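Participant: predicted coordinates and the sequence they were generated for:
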Number of protein chains: 2
Amino acid sequence: MDLLKQKIQSEGKVLSNQVLKVDSFLNHQIDPVLMVEIGKEFARRFQSERITKVLTIESSGIAPGLMAALELQVPVVFARKRKSLTLVNDLLTATVHSFTKNETNEISVSSKFIASDDRVLVIDDFLANGQAALGLAEIVNQAGAEVAGFGIVIEKSFQEGGQSLREKGYKVESLARISSLENGEVAFLEELEVALS
Amino acid sequence: MDLLKQKIQSEGKVLSNQVLKVDSFLNHQIDPVLMVEIGKEFARRFQSERITKVLTIESSGIAPGLMAALELQVPVVFARKRKSLTLVNDLLTATVHSFTKNETNEISVSSKFIASDDRVLVIDDFLANGQAALGLAEIVNQAGAEVAGFGIVIEKSFQEGGQSLREKGYKVESLARISSLENGEVAFLEELEVALS
């Protein structure tokens, strides 16, 4: 998705070989027009998958998840990272470790919002080690529903999450795939590499 | 806003005289079409305020904040409830106590995303005691920017937050104002009461 790649090149900040900061348009300040385009692109890539629900995770997944759900004309549910006092019963839960934040959270979704006949599109802002994605898939599975695929805004394809999900047979659609952050520069997977990967 | 009030009446759950649960369409599962309408309504009510930025707070403010920002054609920034490892320098911060969750959080916004010439529309899902709203206003003030108003999806007008903000001279626009949750029923402020309040 060229618009997204341009935005990453012009506004993304490479903090290390592992960490790309995109807080000016994706996960702190958000560009609403870019989010609309991201939602349309996810909808296009999953239009034949009979999606009935979008599942994402707070907080940075909410904007792209909401826009994908709007285009697909289905509701979106966001997993919470810890229990709140008004959301305690009948929870589907999974444990997720974030390497970026160096913390482990229990993520949870109220069981009433995922039904066994749902076909769920999982959306997240980043795919790195795949921990959040796998946790969300576990929640979908607990509900007896089906993961129809993963829609990722930015995949760090030099980390193992994407390969791991694809090896499990999941459809993974990433709008930007980054092959390297070395030397302070963002390198994207070339189209040829994408076709082969 | 009738569509919102209908949704509250049909899907809201009164958990106590203080707590209304709207997790089927606003703060856990989200209805994207309703969010579009909410965004349009906020934009309509603040169209003459020369808004340059929307500020909200994770997680439940992101969806209405994003849609308001889209309609107003400005960026949205969401305050985070604690520091993350990739967001540590140059923070504007405030302390916010949530009575619903019985916890105190530091909320923070990167100073680079609010400029002194910004006119900021603060959006949140609920207004009850006004703690979150005041914390967000404090952050705007720290940046030397101006709070152009507050856009609230659901105001519990039997709690003091709305009155407190209006007494300080702020423009507060709430799309649904609830006068009581007693006897397990949602009562809205009558139009006459709204005109006088």
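Facilitator: Received it, and whenever you're ready, just let me know what you need.

Participant: and chain A, which residues reach chain B?
Facilitator: A:15, A:19, A:21, A:23-25, A:28-33, A:35-36, A:58-59, A:62-63, A:66-67, A:69-70, A:73, A:75-78, A:80, A:84-87, A:100-102, A:109-110, A:113 (Cβ under 8 Å from any Cβ of the partner chain). Yep, even glycine has a C-beta here, placed from its N, CA and C like the rest.

Participant: let's see 7 Å
Facilitator: With Cβ under 7 Å from any Cβ of the partner chain as the criterion, chain A meets chain B at residues A:15, A:19, A:21, A:23, A:28-32, A:35-36, A:58-59, A:62-63, A:66, A:69-70, A:75-78, A:84-87, A:100-102, A:110, A:113.

Participant: now, of these, which are buried?
Facilitator: A:21, A:23, A:28-32, A:35, A:58-59, A:62-63, A:66, A:69-70, A:75-78, A:84, A:86-87, A:110, A:113 (16 or more other Cβ atoms under 10 Å in any protein chain shown).

Participant: can you flag which of the residues you listed belong to strands?
Facilitator: Residues of these located in strands (DSSP state E): A:21, A:29, A:30, A:76, A:77, A:78, A:110.

Participant: now the third one, which residues is it bridged with?
Facilitator: With beta bridges defined as DSSP bridges, residue A:30 has these partners: residue B:76.

Participant: and it, how far from residue B:128?
Facilitator: 25 Å (Cβ to Cβ, to the nearest Å).

Participant: now the first one
Facilitator: Using Cβ to Cβ, residue A:21 is found at 34 Å from residue B:128.

Participant: the longest helix in chain A is where?
Facilitator: helix A:32-45 (DSSP state H).

Participant: could you pick out the longest strand of chain A?
Facilitator: strand A:146-156.

Participant: quick one, phi/psi of the residue lying closest to residue A:155 once chain neighbours are set aside?
Facilitator: Spatial nearest neighbour of residue A:155, excluding adjacent residues (Cβ to Cβ, 6 or more residues apart in numbering or on different chains): residue A:174 at 3.5 Å. With angles defined as degrees, to the nearest 10, residue A:174 sits at phi -110, psi 130.

Participant: quick check: beta-bridge partners of residue A:174?
Facilitator: Judged by DSSP bridges, the bridge partners of residue A:174 are residue A:152.

Participant: would you mind confirming that it makes contact with residue A:156?
Facilitator: No. In this structure, residue A:174 is not within contact of residue A:156 by Cβ atoms under 7 Å, at 9.4 Å.
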